[in-house]
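Participant: need a structure here:
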Amino acid sequence: MACRISELVLGCRDPQVLARFWCEVLDFVVLDSEGNEFFEIGPREGFGGPQPTIILSRRDEPEPGKTRLHIDVNATDRDQDAELERLLKLGARPADIGQSGDEPWHVLADPEGNEFCLLKARLNPL
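Facilitator: Next up is the predicted model:
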């Protein structure tokens, strides 16, 4: 028997802003919230499905050091260039982590600066 990732938890200054951003990016919905202290977002079928939910938890002070975990995303209904354009319109911005420019992915940051990558391969939606 093995474990499965059920939730990812991200501390942030403004959970509502990040919930809105990541819901648009991933086509998720808000599953639960408590004021502006936390938002749980996930697929419409909710917790326990094939995709983990994301909990955005308010933290007034950032954690010391750089976040060691980041999210990779793949487009499901368009090519990488069209998805990049969509993500930038949603508020993502390019992030420079020393890449050469020849990588088949784009490094971006969400509205609070959390890095994530847009990979080239297009995946089938679940």
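Participant: Please enumerate the strands of this structure.
Facilitator: Using DSSP state E, the strands of the chain run over 7-12, 29-34, 38-42, 53-58, 71-73, 93-94, 106-109, 115-118.
Participant: Could you list the buried residues of the third one?
Facilitator: Buried positions in strand 38-42, judged by neighbour count with 16 or more other C-beta atoms under 10 Å: Phe38, Phe39, Glu40, Ile41, Gly42. Glycine gets a C-beta too; all of them are placed from N, C-alpha and C.
Participant: ok so, going back, Glu83 is nearest to which of the strands of the chain?
Facilitator: Glu83 lies closest to strand 115-118 among the strands of the chain, at 6.1 Å (C-beta to C-beta).
Participant: and the closest one, what does it pack onto?
Facilitator: Under the contact criterion of 3 or more C-beta pairs under 8 Å, 6 or more residues apart in numbering; DSSP states H and E, strand 115-118 touches strand 71-73, helix 80-90, strand 106-109.
Participant: Compile the ones you listed into TSV and extend it with columns for distance to Asp96.
Facilitator: Output for the helices and strands packed on strand 115-118, formatted as TSV (distance: least, C-beta to C-beta, whole Å):
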stretch	distance to Asp96
strand 71-73	17
helix 80-90	15
strand 106-109	7
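Participant: what's the nearest residue to Glu37 if we skip its chain neighbours?
Facilitator: Closest residue to Glu37 apart from its sequence neighbours, by C-beta to C-beta, 6 or more residues apart in numbering: Arg58 at 4.9 Å.
Participant: any idea how far the one you found lies from Arg13?
Facilitator: According to C-beta to C-beta, to the nearest Å, Arg58 and Arg13 sit 7 Å apart.
Participant: From Gln99, how far off is the residue most central in space within the chain?
Facilitator: Closest residue to the average C-alpha location of the chain: Trp22 at 5.1 Å, with C-alpha atoms, centre = their mean. Distance of Trp22 to Gln99, computed by C-beta to C-beta: 23 Å.
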